[in-house]
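K.L.:
Sequence and predicted structure below; questions after.
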Amino acid sequence: MSVLAVLDPAVAVAHAVVAAVAHLVPTALAIVLFTVAVRLALHPLARAAARGEKARARLAPKVAALQHKHRDRPEKLREAMAEMYRKEQVSPFAGCLPVLVQVPFFSVMYRLFTTPNDLLDHTLFGVPLGLHVTGAHGAGQWVVFGVLFAGLAAVGVVNFRRARRAAATAAAAATTAKAPAQPGAGLLPYLSFGSVLFAALVPVAAVLYLLTTGVWSAAERAWLHRDGTPVPAASMMG
């Protein structure tokens, strides 16, 4: 029995909603609309997170200065950081909430699209929604998979470039304050392509979900940060 079986009641609800919408539009489009509806419901959290991320970006030089000042006293650094965030009324975890909230939704959708059900019998341009890329055959199916994966790669490139800019800004601030570089910070932007790799393991329906939520996330971040405020690299995923 899968550990994800605990999600089955929520999966049943998601299945019922998508199936109901699929009576009006093609099932693939129903998946897209359902995903957009959920992301729209989560948008207020994303707005709150964006405000927190902008505040964190504004405080980045102060954080770097504290890291340099207390580089040999971890406990003192934690106390100084906590005091600074308290005074500024900023949470250091501001960008994490929307990601954490999406985890249950993603888990439900993953369970829905990897457990045999009638939705997966429908098609997207002739490709069964339950088909994995490893089972593709014929030019038509490869074209559909190629378009989906190209879309995911394009979203990854957008997120990668934004994350690289944010990482460069953070590195410059750390250098100015003579603070130590964050371990592994240079690798974080490459996580933007994680959805492309994961898509190779799931059926078309799940790839369609990944593409929809990825495009939404990229567009949402661009809108919320349209003033040019750099987004911390760690908040670029998802």
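P.N.:
Looks like it arrived, so ask away. Residues are numbered from 1 along each chain as shown.
K.L.:
need the longest helix for the protein.
P.N.:
Using DSSP state H to define each element, the chain has its longest helix at helix 139-176.
K.L.:
pLDDT averaged over that helix, what's the number?
P.N.:
Mean pLDDT, helix 139-176: 83.
K.L.:
Tell me the helices and strands packed up against it.
P.N.:
Helices and strands touching helix 139-176, by 3 or more C-beta pairs under 8 Å, 6 or more residues apart in numbering; DSSP states H and E, are helix 43-69, strand 127-128, helix 194-199, helix 204-224. C-beta here means a position set from N, CA and C on the backbone, and glycine is covered the same way.
K.L.:
mind checking how far that helix is from the chain centre?
P.N.:
Helix 139-176 has its C-alpha centroid displaced from the chain centroid by 12 Å (C-alpha atoms, centre = their mean, to the nearest Å).
K.L.:
swap in stretch 117-128?
P.N.:
25 Å.
K.L.:
Low-confidence regions, this protein specifically.
P.N.:
Applying pLDDT under 70 to the chain picks out residues 1-4, 92, 94-99, 167, 169-186, 227-238.
K.L.:
If we use 90, what do you get?
P.N.:
Across the chain, the ranges flagged by pLDDT under 90 are 1-8, 38-39, 41-116, 159-195, 217, 220-238.
K.L.:
Going by neighbour count, list what's buried in stretch 6-17.
P.N.:
7, 10-11, 14-15 (16 or more other C-beta atoms under 10 Å).
K.L.:
Run through who's touching it.
P.N.:
34, 104, 107-109, 111-112, 115, 117, 119 (C-beta atoms under 8 Å, 6 or more residues apart in numbering).
K.L.:
Let's see that with 6 Å instead.
P.N.:
With contacts defined as C-beta atoms under 6 Å, 6 or more residues apart in numbering, stretch 6-17 is touched by 107-108, 111-112.
K.L.:
now stretch 202-215
P.N.:
Here stretch 202-215 makes contact (C-beta under 6 Å, 6+ apart) with 28, 31-32, 35, 109, 113, 124, 127, 129-132, 148, 151-152, 155, 195, 199.
K.L.:
what about Lys62, how many residues close to it?
P.N.:
16 (other C-beta atoms under 10 Å).
K.L.:
ok, and the closest non-adjacent residue to it?
P.N.:
Met84 (6.2 Å; C-beta to C-beta, 6 or more residues apart in numbering).
K.L.:
Can you tell me the element the one you found falls in?
P.N.:
Using DSSP states H and E, the element containing Met84 is helix 74-88.
K.L.:
Mind listing what's buried along that helix?
P.N.:
Within helix 74-88, the residues scored as buried using 16+ other C-beta under 10 Å are 77, 80-81, 84-85.
K.L.:
Pipe those residues into a markdown table and attach distance to Phe160 per row.
P.N.:
Formatted as a markdown table, those follow (distance: C-beta to C-beta, whole Å):
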| residue | distance to Phe160 |
| --- | --- |
| Leu77 | 30 |
| Ala80 | 33 |
| Met81 | 29 |
| Met84 | 30 |
| Tyr85 | 29 |
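K.L.:
No more questions from me, cheers.
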